[in-house]
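>>> fold the following.
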Amino acid sequence: AKHGIKLSSLHSRYKRDELPHFWLDDKIGKKLEKNLIKDIKLAYKYGFTCVVCHMKCNPNPEQGNEFGYARLRRILKKCEKLNIPLALENLSDNFAVLEDVFNSFKSDYLKFCWDVGHNHAFTPEIDFGSLYKDKLITVHLHDNLGAFVDNEHYKKIGYTNTYPQPFKRLYNPDMHTLNKYGNMDWNEVAKRLASVDRQLNLDYEVMMAYRKKETPQQVLKTVYKQAKDLEKMEIDEFYKNFTWRQGYC
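As a prediction, the model looks like this:
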C-alpha cells in the first residue's frame, strides 16, 4: 500500500489442524474467531477488497452447529460494519460445509473464493466456478497435475511435497505451481470467468511446491505472461458468447 500497489484479497491466518474447532465452544474456536476478526480489521486498515477464509466441517455434527453459526454471525456483523466481505474457499474436503453455510446464511458479506487448483486436484467432479457464481468475489489461480495421479508418477518426476499426516495417497496433489508444470484446462477456467458479469480479484497463488529452479524474478515474469494469456482467453470467450442486437456495434 505504501508503494501505491493496489491490494487484492487478504488470506486469513490459520493452522490446518485447528480449523474444525470453528464449530466448537473451546479455546481454539475462540482464538479462530478472534484472529479472523483481526484479519478483517487489517483488511480494512490497508484497503484489501475482501478476506479469504478456510473453513472445515464440524468434527462433532451430532452436537449441532449452534456455536459455529453464532460465531459466523458475529464475524459477518464485523464484516458489514467495516464493509469487508468474507470469502469462503473450496478446499479438498469442505463441500458439505460450504453448502450448509451458503444455504443457512444470506448475508451480502458472505462470499466465495474459487480456488481453481484445489478444484482440479481434489474435486474435479464439482463445478465450483458455476455452482457459487453469484457469490464469487475472488479466484485463486495455480496449477497441478489433477486428481488422478498415482504415487509412482510423482516419485518419477521428482515431486517431494508429501502430506503432513497419513492420507489415502502419499503425495499432496496441491502443487501450487506454474501452468507449464500442470495440466489445467485454462480455457475452461476462462469460460467460467467470462460468464461473471462483475469485476473479480484474480490472485495468483503460486508457491512453487514443484519445480523450484526458477528465480523469484523468473516466476514473476512467467506469472505475468500467464495472466495476460488468461485475459486474452477470457475476452475471446466473452465475445464468443456475446449476443449481438440491432443498434449495437
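>>> quick one: low-confidence ranges for this protein?
For the chain, the stretches with pLDDT under 70 are 164-167, 242-249.
>>> any idea where the helices of it begin and end?
Counting by DSSP state H, residue ranges of the helices within the chain are 27-46, 66-82, 95-104, 116-122, 128-131, 151-156, 186-194, 216-240.
>>> got the angle for the third one vs helix 66-82?
Right, the one you point to is helix 95-104. Using axes from the mean of the first three to the mean of the last three C-alpha atoms, to 10 degrees, the interaxial angle of helix 95-104 with respect to helix 66-82 works out to 60 degrees.
>>> wait, residue 92 sits on residue 122?
Yes. Applying C-beta atoms under 8 Å as the test, residue 92 and residue 122 come out as touching, 4.0 Å apart. To be clear about C-beta, it is placed using only N, CA and C from the backbone, and glycine gets the same treatment.
>>> now the helices of the chain in a markdown table, with mean neighbour count and distance to residue 60?
Compiled in a markdown table, those are given as follows (neighbours: other C-beta atoms under 10 Å; distance: least, C-beta to C-beta, whole Å):
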| stretch | mean neighbour count | distance to residue 60 |
| --- | --- | --- |
| helix 27-46 | 17 | 11 |
| helix 66-82 | 17 | 10 |
| helix 95-104 | 15 | 13 |
| helix 116-122 | 23 | 24 |
| helix 128-131 | 18 | 26 |
| helix 151-156 | 13 | 32 |
| helix 186-194 | 19 | 35 |
| helix 216-240 | 14 | 41 |
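>>> pipe those into CSV and attach distance to residue 180 per row.
As requested, those are exported to CSV (distance: least, C-beta to C-beta, whole Å):
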stretch, distance to residue 180
helix 27-46, 32
helix 66-82, 38
helix 95-104, 29
helix 116-122, 14
helix 128-131, 22
helix 151-156, 17
helix 186-194, 11
helix 216-240, 7
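>>> between these, which one is closest to residue 56.
For the helices of the chain, distance to residue 56 was read as C-beta to C-beta. The smallest value, 6.6 Å, belongs to helix 95-104.
>>> may I have the closest one as PDB, with CA atoms only?
As requested, the backbone C-alpha atoms of helix 95-104 are provided in PDB (Å, rounded to 0.1, in the frame of the first residue of the first chain):
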ATOM      1  CA  PHE A  95     -18.000 -29.100   0.000                       C
ATOM      2  CA  ALA A  96     -20.600 -30.100   2.700                       C
ATOM      3  CA  VAL A  97     -19.800 -27.100   5.000                       C
ATOM      4  CA  LEU A  98     -19.800 -24.700   2.100                       C
ATOM      5  CA  GLU A  99     -23.200 -26.000   1.000                       C
ATOM      6  CA  ASP A 100     -24.500 -25.800   4.600                       C
ATOM      7  CA  VAL A 101     -23.200 -22.300   5.300                       C
ATOM      8  CA  PHE A 102     -24.300 -20.800   2.000                       C
ATOM      9  CA  ASN A 103     -27.800 -22.300   2.400                       C
ATOM     10  CA  SER A 104     -28.100 -21.100   6.000                       C
END
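>>> contacts for that helix next, please.
Contacts made with helix 95-104 from outside it, assessed by C-beta atoms under 8 Å, 6 or more residues apart in numbering, are listed as 55-58, 65, 69, 72, 88, 90, 110, 112, 123, 126, 132, 135.
>>> now do the shared contacts for residue 92 and residue 122.
Overlap of the contact sets of residue 92 and residue 122 (by C-beta under 8 Å, 6+ apart) consists of residue 174.
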